[in-house]
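Peer 1: predicted model, plus sequence, below.
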Amino acid sequence: MKIYGIKNCNTMQKAFKALDEKGWSYTFHDYKKSGIDAETLQKWCAEWGFEKLINKSGLTWKKLDDAVKATVKDEHAAIALMMQHTSIIKRPVIDTGKTLILGFDEIAIQKI
């Protein structure tokens with residue numbers, strides 16, 4: 001299992017705690033430090049659509065210029081922006097190898 005996100009995010013801390021309490025092993029990919037590749041983002045966009053993958057309620061999105069936000073009209077533009085500003089990606093993303101979970105979803109985590 002692999003969990004993607006940013007180490008110091010409150011939502012990530014909840015996800016780490018839930019996984020740790022279950023005793024599940026996982027690897028963590030901090031995309032703020034390690035970046036994220038287009039192929040992974042394309043896979044996630046295919047699963048949820050780029051609109052759901054972008055955290056528009058987050059501070060990073062809110063701080064972007066309106067002109068930059070306006071360029072996000074398709075998956076290609078969204079992926080380019082997410083690669084440049086990884087903090088706008090909703091978190092966590094949990095990849096179990098069989099299932100992808102977007103955001104902290106206790107019920108989905110329980111079903112892993």
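Peer 2: Perfect, thanks for sending it.
Peer 1: wait, a helix at Phe28?
Peer 2: No: Phe28 sits outside any helix when classified using DSSP: H, G, I helix; E, B strand; the rest coil, being strand.
Peer 1: who does the nearest residue to it once chain neighbours are set aside form a beta bridge with?
Peer 2: Using CB to CB, 6 or more residues apart in numbering and skipping the chain neighbours, the partner closest in space to Phe28 is Ile3 (5.4 Å). Using the backbone N, CA and C atoms, a C-beta is placed for each residue, glycine as well. For Ile3, the beta-bridge partners are Phe28, Ile94 (DSSP bridges).
Peer 1: so Ile3 sits against Thr96, correct?
Peer 2: No: Ile3 sits out of contact with Thr96 when judged by CB atoms under 8 Å, with a separation of 9.7 Å.
Peer 1: please say which of these two ends up with more neighbours.
Peer 2: Ile3 (21 against 16; other CB atoms under 10 Å).
Peer 1: what residue of the chain is the furthest out?
Peer 2: Going by CA atoms, centre = their mean, the residue of the chain most distant from its centre is Ala67, 23.1 Å out.
Peer 1: which residue ranges of this protein form helices?
Peer 2: 10-22, 31-34, 38-48, 50-53, 59-63, 66-70, 75-84, 106-110 (DSSP state H).
Peer 1: out of the ones you listed, the one nearest Leu100 is which?
Peer 2: Checking the helices of the chain against Leu100 by CB to CB gives helix 38-48 as the closest, at 5.1 Å.
Peer 1: who touches the closest one?
Peer 2: 4, 53, 75, 78-79, 82-83, 89, 93, 100, 102 (CB atoms under 8 Å, 6 or more residues apart in numbering).
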